[in-house]
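**Q** Build me a model:
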Amino acid sequence: RTAAPLKIVQLSSRMAQYEGFQLEITGKDRDTMKNYIQSSHDIIVSALYNIDPLLDQMIASHLLTHENYCEIRTEKIPPQKARKLLEIVQLQMSDSDVWKFVECLKKCKHHYPRLKNWLAEDIGMFSNVANNTPFFISV
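**A** Numbers count the residues shown, from 1 in each chain. Next up, the predicted model:
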């Protein structure tokens with residue numbers, strides 16, 4: 001007998017929910033958002049031609065330290081600033097902060113029309129509605 005795929009909504013980088021039950025996400029699935037950002041590096045870099053609105057949102061959300069902000073601002077051209085920001089996101093942020101980073105991008109989406117499709121894919125990908133990724137629960 002084959003188990004049927006379940007629709008699971010991701011609550012955070014470590015937790016998901018199915019019909020009121022919270023499930024811990026472990027292993028490679030836990031790092032999905034970081035992997036997704038890494039695989040989309042070129043799209044994000046090209047879209048962040050004016051990084052200031054995003055930096056402002058990240059500061060308001062307490063995601064950037066003053067030191068990180070200064071590191072990014074010292075870069076001379078927009079692609080270098082975007083690369084520095086993504087480096088900080090990948091190497092210094094916790095899993096939950098990476099999700100908050102994506103939320104900041106969503107809040108600034110009117111500044112970054114090139115990310116419209118990417119952000120829409122993100123919503124579908126991590127709610128498991130758009131791609132119908134099967135999850136199985138062992139009891």
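
**Q** Please make it C-alpha for all contacts and neighbour counts, starting now.
**A** OK.

**Q** quick one, helices of the protein?
**A** 32-39, 41-47, 52-60, 66-74, 78-92, 95-107, 116-127 (DSSP state H).

**Q** Now those helices in CSV, please, with extra columns for mean pLDDT and mean neighbour count.
**A** Formatted as CSV, these follow (pLDDT from 0 to 100; neighbours: other C-alpha atoms under 10 Å):
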stretch, mean pLDDT, mean neighbour count
helix 32-39, 89, 16
helix 41-47, 95, 17
helix 52-60, 96, 17
helix 66-74, 95, 14
helix 78-92, 96, 18
helix 95-107, 93, 18
helix 116-127, 67, 15
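
**Q** can you tell me the distance between the two ends of stretch 58-73?
**A** Counting by C-alpha to C-alpha, to the nearest Å, you get 14 Å between the two ends of stretch 58-73.

**Q** Please list the residues outside that stretch that contact it.
**A** Contacts to stretch 58-73, defined as C-alpha atoms under 8 Å, 6 or more residues apart in numbering, come from residues 55, 81, 82, 84, 85, 88, 97, 100, 101, 104.

**Q** Now do the contacts for the first one.
**A** So the one you mean is residue 55. Counting by C-alpha under 8 Å, 6+ apart, residue 55 makes contact with 64, 69.

**Q** just to revisit the earlier point, I'd like to know which of the contacts of stretch 58-73 is nearest to residue 46.
**A** For these, the closest approach to residue 46 (C-alpha to C-alpha) belongs to residue 82, at 8.2 Å.

**Q** Setting aside sequence neighbours, what's the nearest residue to the closest one?
**A** Computed as C-alpha to C-alpha, 6 or more residues apart in numbering, the closest residue to residue 82 that is not its neighbour in sequence is residue 45, at 5.3 Å.
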